[in-house]
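S.K.: A predicted structure for the sequence below; I have some questions about it.
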Amino acid sequence: MKKTSIYFTVLCAAIGLSIALAQNSATPASGSRAALPPLPAAQGVPKPGPATDSPYEPLSLLPGGVVVTLFPAGSPYLNMARIKEPEVYNMSGAVPGRVSSIVNIHNPSIEFHAVERGINTGAVMILAAGGGHNSLNVGGEACDFVPFFYNYGVNTVILRNRLRRDGYNPQTDEVYDAQQAIRMVRAHAKDWNIDPNKIGIMGFSAGAELSAPAAILFEDFDKKNSDPADPLAGISSRPDFVGIIYPGPSPFARGRTAPPIPRNTPPAFIAGAGSGDFQHAQWALDYYSAMLALHIPNIELHLYAQGKHPGDKLEDGSSMSGGLTDRNNIPYGTWQYRMIDWMKDLGLLQKSGVETKAAKDIASYLAQPAPTGGRGGSGRGGAGR
């Protein structure tokens, strides 16, 4: 038994040595391992269109987008001295193929993204990104919302509007781009299988400086653009609903001369942080108070206890992102679901062609006398502020 035991021990040791030698031969020692082949380049990286002798033609930022420029060549709204210049993309340093922002926009455009026919509500949301009028943050405040709204049967449009940094006026040129975008989308309603009575525009920060005035200045814009030679003449620039998200100053901001408020001003969803983003919260309240003074129906406001403006630093040194990010799991990171709730309440997510509650409420409001203390369609009303 003793000799057998010795033989067994020697045999096991030999087997172990053979296994170790085999492993060592299969796996080179650290520092001698063969290098992995290089990673391939990211596929389908968006690039701006090339410079040509014709007006610049924007390309789609996301697969499947249909891009339409807003104004015909030679339009008085365009700066023809710069119309041929290509847009400039700022690409993400972490995510290959992601366009974070765009500058040098001289031929403004819209990019349409459809949803499947089986889930299509006919609603469409025009997305006006922020960026302080110095860039257009299309990554987090436009492109990310295309798949988000798709899940609810809402078509989307990415607006590429001109910017103050490139010599344009935010209160005129940029707003005109938004108003023309609404008309252009409505003009193509049949082509794109959308409901012409369910066209919304949602702006973020500086982009909200487009969506807020678009909600109230449509009558004047339509009158100025009623020439029969204009292919969009007679098509309304009035949005059917608006989103005003952590907004910049609206026409009702302190120090501005407030314009008249049409009594058919569309419903609005307003969201932002509170004291952590005080100035933008005040601008949100300015718009809300002006609407409240005239009892405009279906104006909803959410100001959250915690939160910062996109780009602001948090206590841990990180940056507060915008758009759909969860903002470190605070309630402010769920504002987009509150907006979906609001859209459901107003019938905006029903089948295409069905009159919405939003439209019915406006019709009912218009049938009533102007609120006491207000000036109806001729201006602001009450103390409001």
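M.R.: Looks like it came in fine.
S.K.: C-alpha only now, for contacts and for neighbours.
M.R.: Fine.
S.K.: List of residues touching stretch 53-72?
M.R.: 46-50, 73, 77-78, 83-87, 99, 107-113, 143, 177, 180-181, 184 (C-alpha atoms under 8 Å, 6 or more residues apart in numbering).
S.K.: Return the members of those residues classed as buried.
M.R.: Using 16 or more other C-alpha atoms under 10 Å as the burial test, those include 46-48, 78, 83-87, 99, 107-113, 143, 177, 180-181, 184 as buried.
S.K.: Which of those fall within strands?
M.R.: Counted as lying in strands by DSSP state E, out of the buried ones among the contacts of stretch 53-72, are 99, 109, 110, 111, 112, 113.
S.K.: can I get the residues you listed in TSV with pLDDT?
M.R.: Formatted as TSV, the entries for these read as follows, by pLDDT from 0 to 100:
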residue	pLDDT
99	96
109	98
110	98
111	98
112	98
113	98
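S.K.: In CSV, list those along with distance to residue 309.
M.R.: Compiled in CSV, those are given as follows (distance: C-alpha to C-alpha, whole Å):
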residue, distance to residue 309
99, 21
109, 27
110, 26
111, 27
112, 28
113, 28
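S.K.: So which residues of the stretch 1-150 of the chain form helices?
M.R.: 2-26, 138, 145-150 (DSSP state H, counting those that start in this stretch).
S.K.: now the longest one: mean pLDDT?
M.R.: Mean pLDDT, taken over the full extent of helix 2-26, equals 45.
S.K.: same deal with the second one?
M.R.: Averaged across helix 138, the pLDDT comes to 97.
S.K.: where do the strands sit along the chain?
M.R.: Along the chain, the segments classed as strands by DSSP E run 66-69, 88-91, 99-103, 109-113, 124-128, 155-160, 199-204, 241-245, 268-273, 299-304.
S.K.: contacting residues around the residue lying closest to residue 89 once chain neighbours are set aside?
M.R.: Residue nearest to residue 89 in three dimensions, not counting chain neighbours: residue 102, with 4.7 Å by C-alpha to C-alpha, 6 or more residues apart in numbering. Taking C-alpha under 8 Å, 6+ apart as the contact definition, residue 102 lies against 87, 88, 89, 90, 135, 136, 137, 138.
S.K.: how near is residue 102 to residue 300?
M.R.: Taking C-alpha to C-alpha, to the nearest Å as the criterion, residue 102 is separated from residue 300 by 31 Å.
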